[in-house]
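K.L.:
A structural model of the following input is requested.
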Amino acid sequence: MDDNDQVIEGEITDVSATDNASAGSDEAAIVISLDELIQNHIESIAKLRTELKDHREMYEDSFENDPVYRENSEKVKEVTKAKLSVKKQIGSQPSVALLAQKVKDLRIDLSEKNKTLSDLVADYKEKTGATQIETRDGKIMEIVSSVKLVKKNSKFNP
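P.N.:
Numbers count the residues shown, from 1 in each chain. Below is the predicted model:
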């Protein structure tokens with residue numbers, strides 16, 4: 001009998017087999033525990049969001065119930081309305097409208113390039129296992145992954 005064998009009720013059993021079963025049940029217990037922690041945090045976050053919403057509303061009501069604040073707020077609305085009117089008038093000039101379109105196009109290009117870069121860096125990290133990359137000008141950039149939990153939209157994913 002070698003060191004991995006054990007006598008149980010007259011049978012010879014392989015300890016490594018029981019160790020594997022034990023490791024599997026340990027792994028299952030870890031997953032169940034992790035799931036429970038996730039569920040607790042989801043509920044805790046929901047409660048905090050509700051509490052934050054209630055307190056934010058009470059805070060904002062404190063200002064809205066003050067007559068001086070309300071009066072000044074109305075003045076700000078009038079000035080803002082006049083400002084937007086002038087902005088719209090200036091924005092309708094052909095040269096300014098052309099600049100606005102150029103800004104919009106550049107923002108779209110920048111967004112697309114950032115998305116592409118994100119995909120490329122994710123592939124790079126997956127293939128190399130690297131957590132950093134050096135730019136051509138010698139800067140060391142850290143590769144950071146972000147994971148978040150979002151509510152499933154049954155409208156798009158039945």
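K.L.:
Which strands and helices lie in contact with the longest helix along the chain?
P.N.:
If you go by DSSP state H, the chain has its longest helix at helix 15-64. If contacts are counted by 3 or more Cβ pairs under 8 Å, 6 or more residues apart in numbering; DSSP states H and E, helix 15-64 sits against strand 5-8. No exception for glycine: its C-beta is placed from N, CA and C like everyone else's.
K.L.:
Mind checking the pLDDT average for the strand it packs on?
P.N.:
Strand 5-8 carries an average pLDDT of 48.
K.L.:
Flag the shaky bits of this protein, pLDDT-wise.
P.N.:
Within the chain, the set of residues satisfying pLDDT under 70 comprises 1-21, 156-158.
K.L.:
Could you check the angle the helix or strand that comes right after the longest helix of the chain makes with helix 15-64?
P.N.:
Remark: after helix 15-64, the chain's next helix or strand is helix 67-91, criterion DSSP states H and E. Here the directions of helix 67-91 and helix 15-64 differ by 100 degrees (axes from the mean of the first three to the mean of the last three Cα atoms, to 10 degrees).
K.L.:
counting contacts, what elements does helix 67-91 pack onto?
P.N.:
Counting contacts by 3+ Cβ pairs under 8 Å, 6+ apart, helix 67-91 is packed against helix 94-128.
K.L.:
continuing past the helix it packs on, what's the next helix or strand?
P.N.:
That would be, after helix 94-128 and using DSSP H and E, strand 132-134.
K.L.:
Partner strands of the helix or strand just after that next one and their direction?
P.N.:
If you walk from strand 132-134 toward the C-terminus, the next helix or strand you reach (DSSP H and E) is strand 140-142. Here strand 140-142 is paired, per DSSP bridges, with strand 132-134 (antiparallel).
K.L.:
List the contacts of the strand it pairs with.
P.N.:
Identification of contacts with strand 132-134 by Cβ atoms under 8 Å, 6 or more residues apart in numbering yields Val121, Tyr124, Ile140, Met141, Glu142, Ile143.
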